[in-house]
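# A predicted structure for the sequence below; I have some questions about it.
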Amino acid sequence: MPTTSSYRLSRAQWLVDWENAPRDLGAQIDWASVDPARVDANGKKYIPDGAIMARIVSNGKLIPRRDVAARGNALGTEVAVGILIGQANEGDRSDALTGYGLLLGGVVYNNLLYDFGQANLATWKTELETNGLTFVYLTHQNTAAA
């Protein structure tokens, strides 16, 4: 018996206003510097949608800001430069060669960001602001009937 799969494509749930949100043209991920503990069922590294990202100074590639912090800034002095739009998957041939896009400002739901609850989140938000990025952080509340 044949089986079918259904997919529901949607925009980032943490982003309030997609149309007025400035974005960059994309950058590649430095997969060698991504935390090796974050792997999917196939053993490939991934970075969740809504992760705050840093740019590695030496090669211009992106890495999750939390991975820089986890290594005690062993990579250098990388700081937050944007929020990842869409999940990044190591070795995914369907992803663009130009890399993954970053949100460079706008209105976001703070409590739906991947890094919500991280001890360094306030520092990373300050880094975004210092880099000239303007974000407005709202709190998402689910008001749907249970």
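Noted; the coordinates are in hand.
# Show me what secondary structure element comes after the lowest-mean-pLDDT helix or strand in the chain.
For the chain, the helix or strand with the lowest mean confidence is helix 65-70, at a mean of 79 (criterion: mean pLDDT, DSSP states H and E). Note on helix 65-70: by DSSP states H and E, the next helix or strand toward the C-terminus is strand 80-84.
# Kindly export stretch 39-48 (C-alpha atoms) in CSV.
Coordinates of each C-alpha in stretch 39-48 appear next as CSV, following Å, rounded to 0.1, in the frame of the first residue of the first chain:
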residue,chain,number,x,y,z
VAL,A,39,23.2,16.2,15.6
ASP,A,40,20.1,14.7,14.0
ALA,A,41,19.1,11.1,13.6
ASN,A,42,21.4,10.7,10.6
GLY,A,43,24.5,12.0,12.6
LYS,A,44,24.6,15.3,10.7
LYS,A,45,24.9,18.6,12.6
TYR,A,46,22.1,21.1,12.4
ILE,A,47,21.3,24.6,13.7
PRO,A,48,17.7,25.4,14.6
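# So for it, mean pLDDT?
For stretch 39-48, mean pLDDT rounds to 92.
# again, but for stretch 18-28
Rounded mean pLDDT across stretch 18-28 is 83.
# Which positions in it come out as buried?
Buried residues in stretch 18-28, counted by 16 or more other C-beta atoms under 10 Å: 21, 27, 28. C-beta: built from backbone N, CA, C; applies to glycine.
# again, but for stretch 36-44
residue 38.
# Endpoint to endpoint, that stretch covers what distance?
9 Å (C-alpha to C-alpha, to the nearest Å).
# got the contact list for it?
Residues outside stretch 36-44 that contact it (C-beta atoms under 8 Å, 6 or more residues apart in numbering): 45, 46, 47, 89, 90, 91, 92.
# are any of the residues you listed buried, and which?
Buried among these (16+ other C-beta under 10 Å): 45, 46, 47, 89, 90.
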